[in-house]
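*Asks:* I need the structure of the sequence given here:
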Amino acid sequence: MGTKRLLTLALLIFATTVGCSSQQHYTVLSNRLVRTSDFNLDDSAKSTPVSVEASTTIFIIFPIGRSLPLEHLLEEALDLAEGDVVTNVTVTEWGWYIPLIYGSVGLRIEGDVVRTRHADE
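*Replies:* Predicted coordinates:
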């Protein structure tokens, strides 16, 4: 294959590559039972910064592996830091794809995990 054809093919692949990301910001996220009447972050245990991510590879049009939904990543973040709410949360969804060849998509949660419950609850 000539150099011009190889360069043209490389430029075509680069030009058709699609990538994107989006972010959502939340004050508090949780999938655990929290009493809102007793919810006071100032009296809670110290917050722990956490970042949890999951991604899936796409080959041709088929996902390889499994992508975890937001609720599973949230549960993982809460378990990791032994808390029951995440504050100052940033949820980032990202992905890139070379059509009919290869790509990757993922989800990341970043924030501060706080324990609002007492040990006996």
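
*Asks:* please name the nearest non-neighbouring residue to residue 51.
*Replies:* residue 110 (4.6 Å; Cβ to Cβ, 6 or more residues apart in numbering). Heads up, the C-betas are built off the backbone N, CA and C, glycines and all.

*Asks:* in which helix or strand does the one you found reside?
*Replies:* Applying DSSP states H and E as the criterion places residue 110 in strand 102-114.

*Asks:* which residues does the most centrally placed residue in the chain contact?
*Replies:* Most central in the chain under Cα atoms, centre = their mean is residue 108, positioned 1.7 Å from the mean C-alpha point. Each residue near residue 108 by Cβ atoms under 8 Å, 6 or more residues apart in numbering is listed here: 51, 52, 53, 73, 90, 91, 92, 94.

*Asks:* can you pick the most crowded of those?
*Replies:* Within those, residue 52 tops the neighbour count with 22 neighbours, counted by other Cβ atoms under 10 Å.

*Asks:* would you agree that residue falls within a helix?
*Replies:* No. Judged by DSSP: H, G, I helix; E, B strand; the rest coil, residue 52 forms no part of a helix; its state is strand.

*Asks:* any idea how far the closest residue in space to it that isn't next to it in sequence lies from residue 16?
*Replies:* Among residues not flanking residue 52 along the chain, residue 77 sits closest, at 4.5 Å (Cβ to Cβ, 6+ apart). Distance of residue 77 to residue 16, computed by Cβ to Cβ, to the nearest Å: 35 Å.

*Asks:* the two: which is more packed in?
*Replies:* Neighbour count, other Cβ under 10 Å: between residue 77 and residue 16, residue 77 has more, with 21 against 12.

*Asks:* thinking again about what came up before, the residue nearest to residue 51: neighbour count?
*Replies:* Residue 110: 17 neighbours (other Cβ under 10 Å).

*Asks:* for residue 112, same thing?
*Replies:* Using other Cβ under 10 Å, residue 112 is surrounded by 17 other residues.

*Asks:* is it true that it touches residue 48?
*Replies:* Yes. The criterion here is Cβ atoms under 8 Å, and residue 112 meets it with residue 48 at 6.7 Å.
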